[in-house]
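Engineer: Sharing a model prediction with you, sequence too.
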Amino acid sequence: AAGEGRRGHAALAGAVTLADAGERVRPLPAHGLARSLLREVDKEIALSAADAPRDALQARAAFRLKQAQSARARSLARGVGLLATIGAVAPFVGLFGTVWGIMRSFAGIAASGNTSLASVAPGIAEALLATAVGLVAAIPAVVIYNLFSRWLQGHKGLQQQVAGQLLLLLSRELDARAAMG
């Protein structure tokens, strides 16, 4: 998505008209950022009256682009919240397991009356294993969540650049129409 988005932005940056933009992004995937946002602008132009006020057409196109960007961002972010939840909850689950294991060890000591290290160590080791498992789940989840979050923020910025480029092309096209008509 990131590579395709950058290629789409580069293609649009060299375009002079919306038709030119369409030709430049045609080799890119149909579901890609540039082509999907260009389709939104084209849809709004097609749905609007030929004599629609310039500001109204631009506002509707901008609205369509924002809606498409939001939908794309939601789609890309699906599942990222689960990573955050795992990263936040796993250490507590591990801590709970540790506390539970230590309580069981103390109960075993009380029941047997034996306080030697040999009788206490296995229970404590088992309890600490729960903390280790919680951390093994949490640390990668938090790292991956942070990587995805940064990537998603960067992609949102790229989406805004592509949408801005399309609005610029639409504005130029409307200027040309006004000059001819």
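Structural biologist: Yep, that arrived. Numbers count the residues shown, from 1 in each chain.
Engineer: what about the longest helix in the protein?
Structural biologist: Secondary structure of the chain per DSSP state H: the longest helix is helix 117-180.
Engineer: so how far is Ser171 from the residue of the chain positioned farthest from its centre?
Structural biologist: Here the chain reaches farthest from its C-alpha mean at Gly113, the gap being 56.1 Å by CA atoms, centre = their mean. Distance, Gly113 to Ser171, by CB to CB, to the nearest Å: 86 Å. The way it works is simple: take the backbone N, C-alpha and C, and place the C-beta from them, glycine included.
Engineer: any weak-confidence spans in this protein?
Structural biologist: 181 (pLDDT under 70).
Engineer: List the buried residues for stretch 10-27?
Structural biologist: Within stretch 10-27, the residues that qualify as buried are Ala11, Leu12, Ala15, Leu18, Ala21, Gly22, Arg24, Val25, counting by 16 or more other CB atoms under 10 Å.
Engineer: show me the contacts for Leu28.
Structural biologist: Counting by CB atoms under 8 Å, 6 or more residues apart in numbering, Leu28 touches Glu4, Arg7, Gly8, Ala11, Ala34, Arg35.
Engineer: Looking at those, state which has the most neighbours.
Structural biologist: Using other CB atoms under 10 Å as the neighbour criterion, Ala34 leads those with 29 neighbours.
Engineer: Show me this protein divided up by domain.
Structural biologist: Domains of the chain are assigned by automatic domain parsing as 2-78+169-180, 83-148.
Engineer: Next, the distance between the ends of the first one.
Structural biologist: Here the two ends of domain 2-78+169-180 are set 39 Å apart, with distance taken as CA to CA, to the nearest Å.
Engineer: Could you give the separation of it from the chain centroid?
Structural biologist: 21 Å (CA atoms, centre = their mean, to the nearest Å).
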